[in-house]
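Engineer: could you look at this predicted model? Sequence included:
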Amino acid sequence: MTTITPHLKPLVSSCSADLLTPAQVATTLGLSHRTLAAWRSSRRNPLPYLKVGSRVRYRSQDVSAWLESQTHDNSVSMRSEK
């Protein structure tokens, strides 16, 4: 069993609270965890992720920022053709 030194406990607990599993992200985005795996392996989508040992994790702020970057504004008026 690995022990964490007392001065690192607040850092570890706050970091782990911000990390999401692929299943959590998939549920949040309404996707399959297999879709996320395909995106990671093909680099088709720039959703940042971390590798912690052999485990994949996502930072909640990265998922939020990525989701915000996917927003498209349809209210922009189209230019009239001349």
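Structural biologist: Nice, I can see it.

Engineer: so how far is the longest strand belonging to the chain off the chain centroid?
Structural biologist: When every strand of the chain is counted residue by residue (DSSP state E), the longest turns out to be strand 55-59. Mean-position distance between strand 55-59 and its chain equals 7 Å (CA atoms, centre = their mean, to the nearest Å).

Engineer: hey, C-alpha coordinates of the helix or strand that it is followed by in CSV?
Structural biologist: Remark: after strand 55-59, the chain's next helix or strand is helix 60-69, criterion DSSP states H and E. Taking Å, rounded to 0.1, in the frame of the first residue of the first chain, the C-alpha atoms of helix 60-69 are listed here in CSV:
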residue,chain,number,x,y,z
SER,A,60,-13.1,18.5,-15.5
GLN,A,61,-12.0,22.0,-16.6
ASP,A,62,-10.5,20.5,-19.8
VAL,A,63,-13.8,18.8,-20.6
SER,A,64,-15.7,22.1,-19.9
ALA,A,65,-13.3,24.1,-22.1
TRP,A,66,-13.5,21.5,-24.9
LEU,A,67,-17.3,21.5,-24.8
GLU,A,68,-17.4,25.3,-24.9
SER,A,69,-15.1,25.2,-27.9
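
Engineer: just checking, what packs against helix 60-69?
Structural biologist: strand 19-20, helix 22-29 (3 or more CB pairs under 8 Å, 6 or more residues apart in numbering; DSSP states H and E). Bear in mind the C-beta positions are built from the backbone N, C-alpha and C, glycine included.

Engineer: contact partners of it?
Structural biologist: The contact list for helix 60-69 (CB atoms under 8 Å, 6 or more residues apart in numbering) reads 18, 19, 20, 25, 28, 29, 46, 47, 48, 49.

Engineer: just the buried ones out of those, please.
Structural biologist: With neighbours counted using 16 or more other CB atoms under 10 Å, these contain these buried positions: 19, 20, 25, 47, 49.

Engineer: of those, which pair is most distant in space?
Structural biologist: By the measure CB to CB, 19 and 47 form the most distant pair in the buried ones among the contacts of helix 60-69, at 14.1 Å.
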